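Novice: mind folding the following:
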Amino acid sequence: MERESMEYDVVIVGAGPAGLGAAIRLKQKAAETGREVSVCVLEKGSEVGAHILSGAVLDPRALNELIPDWKEQGAPLDTPVAQDEFHYFTGVSSIRLPNFGLPKELHNHGNYIVSMGLVTRWLAQQAEALGVEIYPGFAAAEVLYHEDGSVKGVATGDMGIGKDGQPTGNHTPGMELHAKYTLIGEGVRGSLAKILMERFALRADCDPQTFGLGVKELWEVKPEKHRRGLVQHGFGWPLDNETYGGSWMYHFGENLVSIGYVVALDYKNPYLSPFEEFQRFKTHPLIRPVLEGGKRLAYGGRAINEGGLQSIPKLTFPGGCLIGCSAGFVNVPRIKGNHTAMKSGMVCAEAVFDALAEGREGHDEVTAYPERLKASWVWQELTVVRNCRPAFRWGTILGTLYSGIELWTRGKLPWTLRHKHADNETLRPAAQSKKIDYPKPDGVITFDRLSSVYLSNTNHEENQPSHLKLKDPSVPIAYTLPLYDEPAQRYCPAGVYEVVRAEDGSDPRFVINAQNCVHCKTCDIKDPKQNIVWTVPEGGGGPNYQMM
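Specialist: Reported below is the predicted structural model:
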């Protein structure tokens, strides 16, 4: 069946802070100048916010610029930060670092504890009120090109394709969306962004991107244990000195606590499990009492860009741009990326609008976007902190000391540290690594993966091809199992990957439970052979986060 097509001035892939920030700014500019600009946003989640997972403490700087009267408009920023705490954890206690000794990047005065899922839903309402067309449940699965090689737009995936790859009775072909400019705001490790980076060599002049995996739970705690407005960050136990990572716990709303853990995906020990490290963290004497007597409401996991300034690719290609976490604007020491993602979308929108106003046809590169971004506060923020994340190659203790010097000198040290390896290149062989004995979950404070995935409301249409592809199906058993004890069964926070054996331990088989996938992208990042390829499933599939 032939695909239908629709024409727009701008098509945006992804209804996150960057995509919605871009859409709103385009419509604002159009209203200011009396021009018509048609804008469409595609979102693979079943609704806007369904795939959004973030801590989150939001710096409102970009939102202040985009919608200055957001308070009057009812934005869900209801819990201002009231208190900051920063801890170094040992196995039995913690050392609180004095606030006066922390650089300003680690202070959160003026910020808000939020659910970014709720924030993006509100942003979508603002965008639609301005005339933006938003289509949730439609996954952009393919990049379309003009004859000259420039990007023409995207196509959504077909619906109703069976596991055998053949159309079912419910088959509906995808839709082509053509645009003068296509903005890619899929989030971390987006599948279309990967294709575009390779096709146009966008990563030729930057360092490898490095990532972390954030695992998060939302709890309702007893009222007497709730400290509304408390922001608590920490590092140290349970991770060892060679593994970068840290924790957060935010008290917000009515007795709600957002708690989570980030483990850098350049870790070396193939026996490490980020999910299990998080469960172990919750048993710490400072943390467990807060959760005891409470109720776990939600769970999720998501990869995070950590490369910073050195790892930002070329942002433009003929016919479009990369925005938000598709490019990687996270300020790692601040543990914040929503405000920089939103600002990148806004800056891109202004440059694209000017290109449209000049009557350009859209096959070109909007070079004004990176030029203006480099002149903005986003670039200034990332320049100050550029050396903090790569310093942790020397270990947690030395990395922390160096980062403190870097932040107190405001990034003025006359060098830039490089990221030398992609995260999939850092594992040691299992034979040279120490096994980690993780305790069994108690079902009260600590939990297993499957009960956790249940709380993410994850669902995929069962009769569809797996969206997790193996380039070579023999690699997991023939290569990664004997060399690394197949780390996919540990780095995945959703129990997607298993090595199943016969009763006598023989005949190992690699099993992919694609139905469990929470779209964190960790497998696409960490697989040593880059043999696992994450592609979009049928639109609307995946987690359905409500307050994450």
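
Novice: report the contact partners of residue 510.
Specialist: Contact analysis of residue 510 by Cβ atoms under 8 Å, 6 or more residues apart in numbering lists 473, 476, 477, 481, 486, 497, 498, 499. Yep, even glycine has a C-beta here, placed from its N, CA and C like the rest.

Novice: I'd assumed the second one was in a strand, is it?
Specialist: No. According to DSSP: H, G, I helix; E, B strand; the rest coil, the state of residue 476 is helix, so it is not within a strand.

Novice: that one contacts residue 528, correct?
Specialist: No. Between residue 476 and residue 528 there is no contact under Cβ atoms under 8 Å: 10.3 Å.

Novice: these two: who's more crowded?
Specialist: Counted by other Cβ atoms under 10 Å, residue 476 and residue 528 do not tie: residue 476 has more neighbours, with 25 against 20.

Novice: element containing the closest residue to the more buried one other than its chain neighbours?
Specialist: Spatial nearest neighbour of residue 476, excluding adjacent residues (Cβ to Cβ, 6 or more residues apart in numbering): residue 510 at 3.8 Å. Element membership for residue 510, per DSSP states H and E: strand 509-512.

Novice: what's downstream of that strand, the next helix or strand?
Specialist: Defined by DSSP H and E, the subsequent element after strand 509-512 is helix 522-526.

Novice: in that next one, what's buried?
Specialist: 522, 523, 524, 525, 526 (16 or more other Cβ atoms under 10 Å).

Novice: could you do stretch 455-468 as well?
Specialist: Residues 455, 456, 457, 458, 460, 461, 464, 465, 466, 467, 468 are the ones in stretch 455-468 that count as buried (16+ other Cβ under 10 Å).

Novice: among those, which two are most distant?
Specialist: Maximum pairwise distance among the buried residues of stretch 455-468 (Cβ to Cβ): 26.6 Å, between 455 and 465.

Novice: wait, doesn't residue 108 sit right on residue 79?
Specialist: No. Using Cβ under 8 Å, residue 108 is not in contact with residue 79, being 11.4 Å away.

Novice: now do the residue nearest to residue 476 against residue 375, distance only.
Specialist: Going from residue 510 to residue 375 by Cβ to Cβ, to the nearest Å gives 49 Å.

Novice: distance of residue 379 relative to residue 312?
Specialist: With Cβ to Cβ as the criterion, residue 379 and residue 312 are 9 Å apart.

Novice: out of these two, which sits in the more crowded spot?
Specialist: residue 312 (24 against 19).

Novice: what pLDDT does the more buried one get?
Specialist: Here the pLDDT value assigned to residue 312 is 98.

Novice: cool, residue 1 as well?
Specialist: Residue 1 carries a pLDDT value of 67.

Novice: residue 540 now?
Specialist: For residue 540, the model assigns a pLDDT of 88.

Novice: joint contacts of residue 476 and residue 528?
Specialist: Common neighbours of residue 476 and residue 528 (Cβ under 8 Å, 6+ apart) do not exist.

Novice: now residue 239. Nearest residue, chain neighbours left out?
Specialist: With sequence-adjacent residues excluded and distances taken as Cβ to Cβ, 6+ apart, residue 239 is closest to residue 245, at 5.0 Å.

Novice: report the separation between that neighbour and residue 234.
Specialist: Using Cβ to Cβ, residue 245 is found at 10 Å from residue 234.

Novice: contact partners for the closest residue to residue 515 other than its chain neighbours?
Specialist: Spatially, and ignoring its direct neighbours in sequence, residue 515 is nearest to residue 460 (5.2 Å; Cβ to Cβ, 6+ apart). Residues near residue 460 by Cβ under 8 Å, 6+ apart: 467, 514, 515, 517, 537, 538, 541, 542.

Novice: in the stretch 101-250 of the chain, what residue spans correspond to strands?
Specialist: Taking DSSP state E, counting those that start in this stretch as the criterion, the stretch 101-250 of the chain contains strands spanning 112-113, 133-136, 140-145, 151-156, 159-161, 167-172, 176-184, 211-220, 230-236, 245-252.

Novice: again, but for the stretch 351-500 of the chain
Specialist: Going by DSSP E, counting those that start in this stretch, the stretch 351-500 of the chain shows strands at 468-470, 497-500.

Novice: now for the first one, which elements pack on it?
Specialist: The elements that strand 468-470 packs onto, with contact taken as 3 or more Cβ pairs under 8 Å, 6 or more residues apart in numbering; DSSP states H and E, are strand 532-534.

Novice: show me the contact partners of the strand it packs on.
Specialist: Contacts to strand 532-534, defined as Cβ under 8 Å, 6+ apart, come from residues 189, 191, 467, 468, 469, 470, 471, 488, 519, 521, 523, 524.

Novice: out of those residues, which is nearest to residue 48?
Specialist: So of the contacts of strand 532-534, ranked by how close each gets to residue 48 (Cβ to Cβ), first place is residue 519, at 15.0 Å.

Novice: was I right about the closest one contacting residue 542?
Specialist: Yes. Using Cβ under 8 Å, residue 519 is in contact with residue 542, at 4.6 Å.

Novice: list residues touching both of those two?
Specialist: residue 51.

Novice: can I get the strands of the stretch 101-250 of the chain in a markdown table including distance to residue 436 and mean neighbour count?
Specialist: Shown next, in a markdown table, are the strands of the stretch 101-250 of the chain (distance: least, Cβ to Cβ, whole Å; neighbours: other Cβ atoms under 10 Å):
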| stretch | distance to residue 436 | mean neighbour count |
| --- | --- | --- |
| strand 112-113 | 32 | 24 |
| strand 133-136 | 40 | 18 |
| strand 140-145 | 38 | 20 |
| strand 151-156 | 42 | 24 |
| strand 159-161 | 40 | 18 |
| strand 167-172 | 44 | 12 |
| strand 176-184 | 37 | 25 |
| strand 211-220 | 16 | 24 |
| strand 230-236 | 16 | 22 |
| strand 245-252 | 14 | 23 |
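
Novice: let me have these in a markdown table, extended by mean pLDDT and distance to residue 62.
Specialist: Below are these laid out as a markdown table (pLDDT from 0 to 100; distance: least, Cβ to Cβ, whole Å):
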| stretch | mean pLDDT | distance to residue 62 |
| --- | --- | --- |
| strand 112-113 | 98 | 13 |
| strand 133-136 | 97 | 20 |
| strand 140-145 | 97 | 24 |
| strand 151-156 | 98 | 25 |
| strand 159-161 | 88 | 35 |
| strand 167-172 | 88 | 37 |
| strand 176-184 | 98 | 16 |
| strand 211-220 | 98 | 21 |
| strand 230-236 | 97 | 19 |
| strand 245-252 | 98 | 20 |
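
Novice: who does the strand or helix carrying residue 25 touch, helix- and strand-wise?
Specialist: Taking DSSP H and E as the criterion, residue 25 maps to helix 17-33. With contacts taken as 3+ Cβ pairs under 8 Å, 6+ apart, helix 17-33 sits against strand 5-13, strand 39-43, helix 61-66, helix 116-129, helix 338-357.

Novice: closest one of the contacts of residue 510 to residue 144?
Specialist: Of the contacts of residue 510, the one sitting nearest to residue 144 (Cβ to Cβ) turns out to be residue 473, at 29.8 Å.

Novice: distance of the spatially closest residue to that closest one that is not a sequence neighbour from residue 480?
Specialist: Residue nearest to residue 473 in three dimensions, not counting chain neighbours: residue 510, with 7.7 Å by Cβ to Cβ, 6+ apart. Going from residue 510 to residue 480 by Cβ to Cβ gives 9 Å.

Novice: try residue 401
Specialist: Distance from residue 401 to residue 480, by Cβ to Cβ: 36 Å.

Novice: these two: which is more packed in?
Specialist: Using other Cβ under 10 Å as the criterion, residue 401 and residue 480 rank with residue 480 on top: 24 against 12.

Novice: apart from its neighbours in sequence, what residue is nearest the more buried one?
Specialist: Residue 480 sits nearest to residue 486 (Cβ to Cβ, 6+ apart), 5.0 Å away.
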